[in-house]
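A.B. asks: How does the following fold in three dimensions:
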Amino acid sequence: MLDHLVLAEITHTTLSSIIVVTGSFTILLALLKKFAWGPISEIMKKREDQIANDLDSAEQARINAAKLEEERQVKLMSSQTEAAEIIKSAKDSGETSRQKILTETKDEVSRLKEKAQADIHLEKEAALTSVKDDVADLSLQIAAKILNKELTPQAHESLINDYIEGLGSQNETR
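C.D. replies: Next up, the predicted model:
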């Protein structure tokens, strides 16, 4: 019976310990709910909201980055098109300038050729006129000498030689 008593005593102590621990645990839960649960729930809610906002911000940043990439691609294509147009314009302008220079050069060559031909013609005319004048002078001189002298073959040869020497000295003085 002592055993029963000891056993009853142990059971009673254990039961009272269980009641005290359960009561303490219930009080602790009530205190945690009253003082800690609200702030912990609030902290968790703020953290949840912050994570949701960060995810939304990340998604918005990704969308913005995609838009910026698309705008950059459009601008790149535009600048490539513009560069191609500038190059084409420069080529066209260069070809136009080349054609203009060729045309002007051909016109200048034609003009210079015509001027040279005109100058040659004028010089030829002047030379022919000079030769005609010289022949006329020579004829007049010969005629004057013939009229003044009767020509023998020696006189004729002498007259020609004198005339040639006189012609040479006249050309030197000109």
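
A.B. asks: CA only for contacts and neighbour counts going forward, please
C.D. replies: Fine.

A.B. asks: Now do the SS call for Ser78.
C.D. replies: Secondary structure, DSSP: H, G, I helix; E, B strand; the rest coil: Ser78 is helix.

A.B. asks: how close does it sit to Gly38?
C.D. replies: Ser78 is 58 Å from Gly38, where distance means Cα to Cα, to the nearest Å.

A.B. asks: Could you do Asp134 as well?
C.D. replies: 138 Å.

A.B. asks: same thing with Ile63?
C.D. replies: Look at Ile63 and Gly38: by Cα to Cα, they are 37 Å apart.

A.B. asks: quick one: low-confidence ranges for the protein?
C.D. replies: When residues are selected by pLDDT under 70, those of the chain lie in 1-10, 136, 140, 143-153, 155-156, 159, 167-174.

A.B. asks: Where do the helices of it begin and end?
C.D. replies: 2-31, 38-148, 153-173 (DSSP state H).

A.B. asks: Kindly reformat those as TSV and extend each row with mean neighbour count.
C.D. replies: Shown next, in TSV, are the helices of the chain (neighbours: other Cα atoms under 10 Å):
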stretch	mean neighbour count
helix 2-31	12
helix 38-148	12
helix 153-173	12
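
A.B. asks: Give me the distance between Asp49 and Ser41.
C.D. replies: To Ser41, Asp49 is 12 Å away according to Cα to Cα.

A.B. asks: same deal with Thr103?
C.D. replies: In this view, Thr103 and Ser41 are 91 Å apart by Cα to Cα.
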